[in-house]
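> kindly return the folded structure for what I paste below:
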Amino acid sequence: MAECDSAFFTFPAARVLMPAGNSHFFIYRDQRGASALAYCKKRGYAAVGSVRSAPILSLGGGSALNLATYEQCILGECHAYLGIECVAQGAAPCVPDVRGNVGRNNDGEGNWGLRNVGDYNIGRDNKGDNNVGTNNTGKGNVGNFLIGMSMRSRSLPTYGVIIEVERPYSGPIPVIPPQPPCDPTGGKAPPPARCPPPKAQCPPPCPKPPPRPPPPPKPRPPPKPRASPQFRPMQPDLPPPPPNQALSPPPPTKSPPPAMKPPPSPPAPVMTCPPCPRCAYPPPPRPPPSPRPPLPPRPPPSPPETLICPTSCFVPDATHTECVPRMCDDPCKDCMEDGVKWLCMDMDESVLSTHTNQIECEADLQSGVCDGTCFRCHSAQEKWGCLFHQDTYQ
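Reported below is the predicted structural model:
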């Protein structure tokens, strides 16, 4: 199978130039694919190959712009492109291999893009499973340069995939309803269900049953008389005992019969009410907030910095009078291009593409991901880098 020459763009986006300020959008996926074709043509390609998309809500929210009609969809159900394959003039789109991989140098199953290792990755240089983006390591990551599981970058589109467009007319961008991305049967979506008419005002809640009366106190039996151990009561028909004779125990007396327990009181009648609907009663009013002390006066703003350095590897000194070289946090992230221009990789990872060898770097140059030449890192470790491709459309 011949290797394809298509270019794969992950998280494609557009920056719309407007008088009030530039706005960023995802690329909207319509049923005809006209928006993806317009994106590829603005990048200098002739046709569209395979694509991947997902709802905007799964990407963290935002808006999607239809590049064919300059309309936007702002609902979470709108589909935006995760990846677009752009095909050059006279070339053919990439054909999936026996394991379902679309692209070049993929190792695994169901991958889309370039140099993915694992299963069902979308993008390039991902290692693991179900990653979307570039240079992710792990599982279920969405973004760029992530290491772990189910992580997400704050900003998804990188500098190399954003195109600048200028609207052909002024005014606010019209909003379109969401549409299903693909419908092989050609059927129409069912009409939205109508809400039922509002019900009448709910009746007051059921009254609570009266409390049961307390049970009457139980009568206590009278206390039994106790005989003194010193003497016993004299009986008229018995002579007194002799002085040295032991006292005989008193005759047993019968205990009085237990008192009859009063009959239990009948239970209170149970009140039966018709089932009351759940009414939306207004919540109780909140107490007024406590007065807050006045805020201290804000300090005057610091004067703006007027010194601007020519390159990103130079920063103003403490006195803002001259530019000094900027050192990266890690020496391995300092790269030098042709022995002249220094670039710091830890400043903006969306500008530089890093590789572990020169072969991977040259592959990005041939695929159109990078421009210029590959350059080697200044550090002792073997690393290579190149600048992402940059296009501007007026």
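> what is the burial count for the closest residue to residue 38 other than its chain neighbours?
Nearest residue to residue 38, sequence neighbours excluded (C-beta to C-beta, 6 or more residues apart in numbering): residue 67, at 3.8 Å. Yep, even glycine has a C-beta here, placed from its N, CA and C like the rest. The tally of other residues near residue 67 (other C-beta atoms under 10 Å) stands at 24.
> hey, what's residue 127 bridged with?
residue 117, residue 137 (DSSP bridges).
> need the pLDDT of it.
With respect to pLDDT, residue 127 scores 96.
> residues in contact with it?
116, 117, 118, 136, 137, 138 (C-beta atoms under 8 Å, 6 or more residues apart in numbering).
> the closest residue to residue 145 other than its chain neighbours: neighbour count?
The shortest distance from residue 145 to any non-neighbouring residue, by C-beta to C-beta, 6+ apart, is to residue 135 (4.9 Å). By other C-beta under 10 Å, 20 other residues sit near residue 135.
> residues touching residue 135, list them.
124, 125, 126, 144, 145, 354.
> is it true that the fifth one touches residue 138?
It stands for residue 145. No: Residue 145 is beyond contact range of residue 138, at 11.3 Å (criterion: C-beta atoms under 8 Å).
> which intervals of the stretch 1-150 of the chain have sub-threshold pLDDT?
Low-confidence segments of the stretch 1-150 of the chain (pLDDT under 70): 1-3, 19-21.
> what about the helices in it?
Per DSSP state H, counting those that start in this stretch, the stretch 1-150 of the chain carries helices over the ranges 34-42.
> where do the strands sit along the stretch 101-250 of the chain?
When secondary structure is read from DSSP state E, counting those that start in this stretch, the stretch 101-250 of the chain shows strands at 102-104, 107-109, 112-114, 117-119, 122-124, 127-129, 132-134, 137-139, 142-144, 147-149, 162-166.
> and the contacts of the fourth one?
Residues lying outside strand 117-119 but in contact with it, judged by C-beta under 8 Å, 6+ apart, are 106, 107, 108, 109, 110, 111, 126, 127, 128, 129, 130, 131.
> next, format the residues you listed as TSV and append distance to residue 364.
As requested, these are exported to TSV (distance: C-beta to C-beta, whole Å):
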residue	distance to residue 364
106	15
107	17
108	20
109	24
110	23
111	17
126	15
127	17
128	21
129	23
130	24
131	18
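> out of these, give me the one that has the most neighbours.
residue 126 (31 neighbours).
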